[in-house]
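Q: Provide a 3D model corresponding to the input given below.
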Amino acid sequence: MPISSRSKRPVVLVIIGLSLVAFLTLILRIDTPISEHHGPLPRIESKEKVVVTAAFGYDLDVMSRFAGSLFCSGYNGYLVAAVDDHQVHELHNIFKEFKAIFLPISKLPYRLQQFGVRDAMRYRRYPFLLYVAESFTNPQSLLLYADSRDVFFQDDPFELFLQGDIESHPLLTELVLPRIPREAEPRQGDRFLETWFGKATPTESLYLYLHAEGIRIGTSWYNKHWLERYFGKDFQESVLDKPVINSGVVVGTTSAIVTWVRLTLSTMKSQNDLLEGNGDQGFLNGLYYQGKLPYAVVFRQFNGPILTLNPLPPKHEDFLKEHVIEGIVVKKTRHLHVNNPTEQPKVSPSIQETYLSTGEPLAVIHMWDRLKLESQVAWSSMLSLFYTENTQNEGARYVPTIFSSSLQFRALLHNQCLTFRRARDTLKSTYVKQYNFHRVHT
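A: Numbers count the residues shown, from 1 in each chain. A predicted model of the protein is given here:
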């Protein structure tokens, strides 16, 4: 029986409707900016620089300051951040001109439960970090993970690491803790030992940073507690004299990051019943001092491109006098004085050590809010770009600047940020001249 034209009409309408849906889906997919990507991250095979942070649970000004100072410093790599769902669109609007990817926390594919670890807000950074590291498939891509709330940038954090053999850098050879010997023999199934045994080179390394040399595990109640809780009393007592490694900033190749994070999650799983909400620094110190991170290098405070401001200097004014030049935080370098300068200096009790400010700008300032000044922004040119003077009669002297659009941030980028970079680069060129002078007269 032939189908009437009237009965064909619903079928035609359905076909047209489905075609329209498919077309709109394609258009929306094409137009969706990378920073609003809700699904899996794109697989990126090229060698890249990647800064990663978790900013969920914080107000918008935290991510604005973190990402703003990063791109203001001249950094041109990727930023991947996990943020609260409602902040994704607004952050994209501000930073859409950069390689910034903001992922809503509810859409992340890796969960702690998948690794057998009970859920805790602070530990969610580890499956997220693993997810990002595995998305940048080139094993030599460089990745920096940093806390978001108390970190700001003054320079590209990867510049020093891209200069080649970092562990042979003339100012760093004697400025890192000795490598911890690996365990006697790699056990079958220990991927980190199989991968890194005999291959702890600068291109396959994890770079860690001390709290401060003055803080030892035995003098830090929290770290001493975590190590006893997760690794046992005997092990804790064997490392009481060791310096505390800070877990707030970690740098490494993506292959090293993947290995370290998987090992951390596996260790957490084994201590699941004992987990506390903020004890992940205990796992980092325990694994390092057990010799399970043979590919890790630890920088001392004020050496390397990253500074953790803890503990506080006895007098804040002394810190400002020694380490802030024209609003830029600079490092100091340990100069070794030996009898025969033609020989490679070796660290020993007989060597006289002095600490002098080199004037070289530090790239990353961590725990900056520990400086309890009347105004925390008065001492930093970069921080001052992200705060506005409070015109109200009550409250703090300065309040965070909230960017409303990419146009507002672009104006900052092409004015104050450019002025900051010029001042910083002048300091860097001066530092190089000073360093060459010292080398000639050693």
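Q: the helices in the stretch 251-400 of the chain, which residues?
A: Listed in chain order, the helices of the stretch 251-400 of the chain (DSSP state H, counting those that start in this stretch) span residues 254-270, 280-289, 316-323, 381-384.
Q: nearest to Asn223, out of these?
A: For these, the distance to Asn223 is smallest for helix 280-289, at 6.3 Å, taking CB to CB. (Each C-beta comes from the backbone N, C-alpha and C, glycine too.)
Q: summarise which helices and strands the closest one is packed against.
A: Helix 280-289 is packed against helix 221-231, strand 245-253, helix 254-270, with contacts defined by 3 or more CB pairs under 8 Å, 6 or more residues apart in numbering; DSSP states H and E.
Q: would you turn the helices of the stretch 251-400 of the chain into a markdown table with mean neighbour count, distance to Arg370 and mean pLDDT?
A: Converted to a markdown table, the helices of the stretch 251-400 of the chain look like this (neighbours: other CB atoms under 10 Å; distance: least, CB to CB, whole Å; pLDDT from 0 to 100):
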| stretch | mean neighbour count | distance to Arg370 | mean pLDDT |
| --- | --- | --- | --- |
| helix 254-270 | 21 | 25 | 93 |
| helix 280-289 | 22 | 16 | 94 |
| helix 316-323 | 14 | 10 | 68 |
| helix 381-384 | 21 | 13 | 90 |
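Q: now distance to Tyr295 too, for those, in TSV please.
A: Formatted as TSV, the entries for these read as follows, by distance: least, CB to CB, whole Å:
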stretch	distance to Tyr295
helix 254-270	6
helix 280-289	11
helix 316-323	30
helix 381-384	32
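Q: of all those helices, which one is nearest Phe235?
A: helix 280-289 (7.2 Å).
Q: the closest one vs strand 245-253, what angle?
A: Relative orientation of helix 280-289 versus strand 245-253 (axes from the mean of the first three to the mean of the last three CA atoms, to 10 degrees): 70 degrees.
Q: who touches helix 280-289?
A: 122-123, 126, 180, 208, 217, 222-223, 225-227, 229-231, 235, 239, 242, 244-247, 260, 263-264, 267-268, 293, 296, 298 (CB atoms under 8 Å, 6 or more residues apart in numbering).
Q: in PyMOL, how would I select the buried members of those residues?
A: In PyMOL, a selection of the buried entries from the contacts of helix 280-289 looks like this (16 or more other CB atoms under 10 Å):
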select buried, resi 123+126+180+208+217+223+226+227+229+230+231+239+242+244+245+246+247+260+263+264+267+268+293+296+298
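Q: residue ranges in the stretch 151-300 of the chain under the pLDDT threshold?
A: Per-residue confidence of the stretch 151-300 of the chain (counting by pLDDT under 70) places the weak regions at 163-204, 213.
Q: distance between the ends of stretch 119-139?
A: Its first and final residues considered, stretch 119-139 spans 29 Å by CA to CA, to the nearest Å.
Q: which parts of that stretch are buried?
A: The neighbour-count criterion (16+ other CB under 10 Å) identifies 123-136 as the buried residues of stretch 119-139.
Q: try stretch 48-57
A: Neighbour-count burial for stretch 48-57 flags Glu48, Lys49, Val50, Val51, Val52, Thr53, Ala54, Ala55, Phe56 (criterion: 16+ other CB under 10 Å).
Q: just to revisit the earlier point, and of the helices of the stretch 251-400 of the chain, who's closest to Leu70?
A: Each of the helices of the stretch 251-400 of the chain has some distance to Leu70 by CB to CB; the shortest is helix 381-384, at 10.2 Å.
Q: could you say what helices and strands the closest one packs with?
A: For helix 381-384, the packing partners by 3+ CB pairs under 8 Å, 6+ apart are helix 60-72, strand 151-153, helix 416-440.
Q: thanks a lot, see you next time.
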